[in-house]
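*Asks:* what's the 3D shape of this:
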Amino acid sequence: MLFFVPFIVLLLVIVCHIVIFNKTTYHQTTGNSYFSTVFDKGRYGEYLISKNLRHLEKQGAKFLFNVYFPKEDGETTESDVIMITPRGFIVFESKNYSGWIFGDEKQKMWTQTLPQGKGKPAHKEKFFNPIMQNNLHIKYLRSVVGAEYSIKSIIAFSERCELKKVTVVSSDVQVVKRNHIRQAVETALDMMPQDAMTTEQIEQLYQLIYPYSQVSEAIKQQHIQNINQHHEN
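*Replies:* Numbers count the residues shown, from 1 in each chain. Model (predicted):
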């Protein structure tokens with residue numbers, strides 16, 4: 001009988017997590033289940049961003065996830081997380097990486113360095129500059145909502161990485177680890193005009209962008225195929 005006690009406790013904890021998760025904006029907006037989120041690095045990173053910032057919903061902020069904006073060439077660009085606030089927009093690019101991160105805002109490619117153990121050379125992986133990636137998302141967000149709104153960019157890396165040498169020169173861009181996301185958002189909001197939008201305007205913009213977060217599975221699969229093809233090229 002004692003053997004089952006830890007199992008029952010664990011089961012109750014999991015059930016509590018599921019109940020709490022199902023009440024979140026992330027679940028209600030994306031439809032993603034608890035297990036499909038926590039076992040997917042990309043989804044889990046996006047969820048944790050909104051979880052760390054959910055207190056802002058009480059202040060009028062609204063979140064959108066996995067927003068697929070159409071491009072001129074017929075392809076799409078996917079924004080991970082968009083937060084609409086009374087002061088403007090904050091667009092997040094989530095990177096759930098580990099290891100050491102090296103990059104410069106002006107460089108096309110950044111580097112992830114992973115140690116391989118004593119006496120072995122570190123393994124290095126290149127990835128596309130996330131600032132440039134997020135700038136593309138912001139460009140197409142503006143094509144939908146217009147140019148008059150203040151928009152800030154935050155690149156959120158996992159706590160498991162170390163931002164070893166990352167150079168940022170633009171005042172409207174921040175690159176942080178996810179455990180510093182609250183401070184980054186506060187900094188961004190302080191740089192934006194106060195009360196730029198009413199509750200009604202926020203809701204109108206939310207409804208305008210929302211359909212782009214509810215695209216068909218065919219569009220999502222085509223988006224992945226396009227990314228893979230670009231990587232191969």
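
*Asks:* Tell me who's in contact with residue 173.
*Replies:* Residue 173 is in contact with 105, 131, 134, 152, 153, 154, 155, counting by CB atoms under 8 Å, 6 or more residues apart in numbering. (Each C-beta comes from the backbone N, C-alpha and C, glycine too.)

*Asks:* I'd like to know which of these are part of helices.
*Replies:* 131, 134 (DSSP state H).

*Asks:* tell me the two of the contacts of residue 173 that are most distant?
*Replies:* Across the contacts of residue 173, the longest distance by CB to CB is 14.5 Å; it joins 105 and 152.

*Asks:* So for those two, which sits in the more crowded spot?
*Replies:* Using other CB atoms under 10 Å as the criterion, residue 105 and residue 152 rank with residue 152 on top: 25 against 17.

*Asks:* which element is residue 89 on?
*Replies:* Assigned by DSSP states H and E, residue 89 belongs to strand 88-95.

*Asks:* by contact count, what packs against that strand?
*Replies:* helix 41-52, strand 76-85, helix 130-145, strand 151-157, helix 181-190 (3 or more CB pairs under 8 Å, 6 or more residues apart in numbering; DSSP states H and E).

*Asks:* Need the residues that contact the top helix by length along the chain.
*Replies:* In the chain, taking DSSP H as the definition, the longest helix is helix 4-22. With CB under 8 Å, 6+ apart as the test, helix 4-22 has contacts from 27, 34, 37.

*Asks:* Could you tell me the angle between that helix and helix 41-52?
*Replies:* If you take axes from the mean of the first three to the mean of the last three CA atoms, to 10 degrees, helix 4-22 sits at 80 degrees to helix 41-52.

*Asks:* looking just at contacts, which helices and strands does the following helix or strand past helix 4-22 meet?
*Replies:* Once helix 4-22 ends, the next helix or strand along the chain (criterion: DSSP H and E) is helix 25-30. Packing partners of helix 25-30 (3+ CB pairs under 8 Å, 6+ apart): helix 34-38, helix 41-52, strand 62-70.

*Asks:* What are the buried residues along the first one?
*Replies:* Taking 16 or more other CB atoms under 10 Å as the neighbour-count basis, helix 34-38 is seen to contain the buried residues 34, 37, 38.
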